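Enquirer: fold the stuff below for me.
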Amino acid sequence: MINRDIKINLVSIISLLICSLCNFGCFIRETVNSKNDARTIVGIYAGDGAAQGCVIPAENMFRWMGYETKRIYADDINRSLVSDIDLFYFPGGSSSPYLKDIDNKGKEILKKSVYGGCGYIGTCAGALFACEIQVWEGREIKTGQLGLFKGTGYGPNPEIFAYPEIGMCRIDMDISHPITSSCEDTAWMMFYNGPYFAPDTSSGQNTFIAGKYSLINRPAIIVCEYGKGRVFLTGPHPEWEEDSDRDGIDAFKEFDDRGSDWDMMKHAVDWCLRK
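Expert: Residues are numbered from 1 along each chain as shown. Here you go, the predicted structure:
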């Protein structure tokens with residue numbers, strides 16, 4: 001027969017073991033959750049209007065930076081299924097489907113997300129979408145614009161390259177910003193029917209002009225804030241690596257990149273995310 005005191009001790013030991021296991025399980029869950037909470041997710045718009053030749057290089061670029069990427073679509077935004085996104089990326093292509101497919105509720109969700117602290121990076125069409133106004137072939141468009149940037153995006157710009165021509169354009173950089181501080185005074189980026197930007201100086205929004213097109217002396221890359229969020233817009237395409245395969249596409253390899261733009265884009269993401 002087992003002594004009563006031994007029985008009590010055994011029960012106590014088993015109880016302690018169970019509590020310890022439970023506490024350890026909670027610790028594991030908390031550790032895993034804290035790691036998951038620390039993930040940074042870049043939501044890359046891949047719906048109609050987003051060119052696959054822009055989406056794929058962007059995915060590879062953000063993954064090279066160490067960030068998780070997730071393709072998002074108009075329906076995700078319209079149904080408010082983007083609460084896990086830390087930074088929104090809208091690629092080149094055509095802004096018209098962006099304006100049409102993302103409804104008014106979806107646009108408000110995007111604006112509130114950025115206003116509340118999310119980042120936004122737009123390239124070419126994705127940059128036009130973020131403007132308060134876009135003027136394309138002389139036609140002014142206000143309806144459906146996000147208005148993260150209080151100003152106007154103008155295109156096309158045939159003085160640089162007339163569509164469907166494509167080529168490397170020289171950008172005169174202002175290296176006084178954290179994003180551009182490690183850049184050279186000039187950069188060469190692919191231009192494909194992109195816009196230039198004109199800030200509305202009466203809006204009260206501070207806009208930093210990070211780079212200008214040399215040929216037309218107009219802003220090519222701009223940086224601004226929208227509420228607690230930060231916005232980076234570029235007319236040319238820094239996501240394309242013309243002399244490297246790491247962007248995941250075969251196009252444009254006949255051009256001379258004269259140095260990668262991915263380091264600058266890493267600084268842009270860090271700045272947008274306040275890192």
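Enquirer: please state the offset of the longest strand along the chain from the chain centre?
Expert: Counting by DSSP state E, the longest strand found in the chain is strand 218-226. Remark: strand 218-226 is offset 14 Å from the chain centroid, using C-alpha atoms, centre = their mean, to the nearest Å.
Enquirer: compute the inter-axis angle for whichever helix or strand comes after it and strand 218-226.
Expert: Once the chain leaves strand 218-226, the next helix or strand it forms, by DSSP states H and E, is strand 229-234. Put simply, strand 229-234 runs at 170 degrees to strand 218-226, going by axes from the mean of the first three to the mean of the last three C-alpha atoms, to 10 degrees.
Enquirer: any chance of the backbone angles for K107?
Expert: Dihedral pair for K107: phi -60, psi -40, per degrees, to the nearest 10.
Enquirer: which residues in the stretch 151-275 of the chain form helices?
Expert: 262-272 (DSSP state H, counting those that start in this stretch).
Enquirer: quick one: least confident helix or strand in the chain?
Expert: Lowest by mean pLDDT, DSSP states H and E among the helices and strands of the chain is helix 4-37, with a mean of 40.
Enquirer: tally of neighbours for the closest residue to D263 other than its chain neighbours?
Expert: Spatial nearest neighbour of D263, chain neighbours left out: S182 (6.6 Å); criterion: C-beta to C-beta, 6 or more residues apart in numbering. Heads up, the C-betas are built off the backbone N, CA and C, glycines and all. A total of 11 residues lie near S182 under the criterion other C-beta atoms under 10 Å.
Enquirer: quick check: end-to-end length of stretch 138-150?
Expert: Length of stretch 138-150, first residue to last, C-alpha to C-alpha, to the nearest Å: 19 Å.
Enquirer: got it, and stretch 211-231?
Expert: With C-alpha to C-alpha as the measure, stretch 211-231 spans 15 Å from end to end.
Enquirer: got the buried residues for it?
Expert: Buried residues in stretch 211-231, counted by 16 or more other C-beta atoms under 10 Å: 211-213, 218-226, 229-231.
Enquirer: quick one: strands adjacent to the next helix or strand after the least confident helix or strand of the chain?
Expert: Under the assignment DSSP H and E, the closest C-terminal helix or strand after helix 4-37 is strand 41-45. Here strand 41-45 is paired, per DSSP bridges, with strand 68-72 (parallel), strand 87-90 (parallel).
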